[in-house]
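> Any chance you can model this:
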Amino acid sequence: MGLWRETTQELGTEPEKEELENQEKGMLWGDTASKPDISSGQFEITVNGESHATIAFATTEPVADLIVHLPVEVFETPAEILSVLAGKRMAVIGFENSEADKILKTFTPTQISSTVLEWAEVLPQSESLRQHDAFVLNFPSKNNDAVWLKLSDLSRVKKPIICIGHAALLLQRAHKIRDYVSEFLITPVREEELLLRLYNALSAVVTETAGQTVAKNATVKVVLADDDPTTVTLVSTILRKYDIECHIAQNGQEVVDLCKAVQPDAAIFDISLPYIDGFEVLKLLKNDATTFEIPVILLTARKQETDIMRAFALGTEDYITKPFNPMELIARLKRLLKLPA
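Numbers count the residues shown, from 1 in each chain. Here you go, the predicted model:
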């Protein structure tokens with residue numbers, strides 16, 4: 001909502017005053033998504049039909065993004081919504097400091113914890129992104145191509161994305177970002193609406209996760225690979241004893257191919273593999289949108305700290321060194337997949 005109107009506005013009649021006051025009362029914050037391109041012009045102020053002043057301006061810079069924050073009635077968030085939002089971690093992306101501060105104040109009563117990020121900090125496979133439960137982002141009018149790439153990165157984390165922007169901008173771009181975004185909000189935005197959209201998005205995730213857990217308990221699938229046939233036999237026997245479907249790969253490339261084809265619930269493999277070693281396999285899996293979220297357990301005789309640090313830096317979920325206890329492997333796998341002990 002712009003702060004200026006380019007047409008003459010009479011403020012003398014009571015109905016018009018009342019209408020403007022009502023509009024102000026209904027508005028909390030907004031104009032977060034783009035910078036209107038106003039380079040020059042003039043505005044005339046008219047009161048009771050008489051011209052009182054003309055304001056002229058000229059600038060080469062666009063008008064700054066603004067959040068309009070006017071007093072509104074105090075509201076109390078229902079307990080049902082608080083139970084879903086409390087303790088959740090939000091990433092607030094691409095907002096000016098003043099805008100981000102007001103969003104954080106909106107989250108404070110709900111006990112939501114937040115991290116403010118710039119678009120440049122939205123990096124593929126970033127561990128910090130995976131630690132958040134949802135994203136609230138500002139959809140800017142400039143560099144849209146770059147933002148779409150960032151949205152693609154966020155979508156690979158598979159967490160709810162709440163996108164805030166101007167109506168015209170979102171309508172123009174909706175067909176390109178609809179696959180990435182859970183909820184759209186048009187500026188100006190009210191606090192209640194943002195919390196409601198977050199509640200809807202996070203509730204959907206809880207429902208979907210519950211359904212997936214049931215499915216995983218029914219048929220858990222694991223891709224297994226090791227350069228030692230004895231280890232393969234031992235681990236596969238243990239897995240099948242616990243009704244876990246085991247797909248055995250002969251080399252690193254087969255691990256990648258099986259993970260893409262089978263979409264297993266987890267992958268267990270050694271670092272020492274033919275053709276492609278375990279580090280390269282891990283890197284390929286974590287950089288592919290179709291296999292990014294498959295949990296990985298590295299089962300290896302390599303105990304050097306540099307190897308362990310490298311493995312976790314590449315995205316492995318767990319690291320077990322040989323010789324190993326088969327029951328410990330099963331316990332870690334169940335913890336990773338959130339299966340009953």
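> CA atoms for contacts and neighbours, from now on please.
OK.
> Please give the element, helix or strand, for Ala204.
If you go by DSSP states H and E, Ala204 is part of helix 191-218.
> Give the pairing partners of the next helix or strand after that helix; include direction for each.
Tracing the chain C-terminally past helix 191-218 and defining elements by DSSP H and E, one meets strand 220-225 next. Partners of strand 220-225 in the sheet, by DSSP bridges, are strand 244-248 (parallel), strand 266-269 (parallel).
> export these to TSV and tack on mean neighbour count?
Shown next, in TSV, are the strands paired with strand 220-225 (neighbours: other C-alpha atoms under 10 Å):
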stretch	mean neighbour count
strand 244-248	18
strand 266-269	24
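> could these be laid out in CSV, adding mean pLDDT and distance to Met327?
Formatted as CSV, the strands paired with strand 220-225 follow (pLDDT from 0 to 100; distance: least, C-alpha to C-alpha, whole Å):
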stretch, mean pLDDT, distance to Met327
strand 244-248, 93, 14
strand 266-269, 96, 14
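> Output these in a markdown table; the columns should cover distance to Phe107.
Listed next are those as a markdown table, based on distance: least, C-alpha to C-alpha, whole Å:
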| stretch | distance to Phe107 |
| --- | --- |
| strand 244-248 | 42 |
| strand 266-269 | 35 |
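> Nearest approach to Thr77 belongs to which of the ones you listed?
strand 266-269 (39.1 Å; C-alpha to C-alpha).
> Now tell me what touches the closest one from outside.
For strand 266-269, the surrounding residues in contact (C-alpha atoms under 8 Å, 6 or more residues apart in numbering) are 221-226, 259, 278, 294-300, 337.
> Next: stretch 241-251.
Taking C-alpha under 8 Å, 6+ apart as the rule, stretch 241-251 contacts 219-227, 232, 236, 239-240, 255, 258, 273-276.
> So how do I select the buried members of those residues in PyMOL?
The PyMOL selection below is limited to those of the contacts of stretch 241-251 classed as buried (16 or more other C-alpha atoms under 10 Å):
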select buried, resi 220+221+222+223+224+225+226+227+232+236+239+255+258+273+276
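> Which residue ranges of the stretch 101-250 of the chain form strands?
113-117, 134-138, 161-165, 183-186, 220-225, 244-248 (DSSP state E, counting those that start in this stretch).
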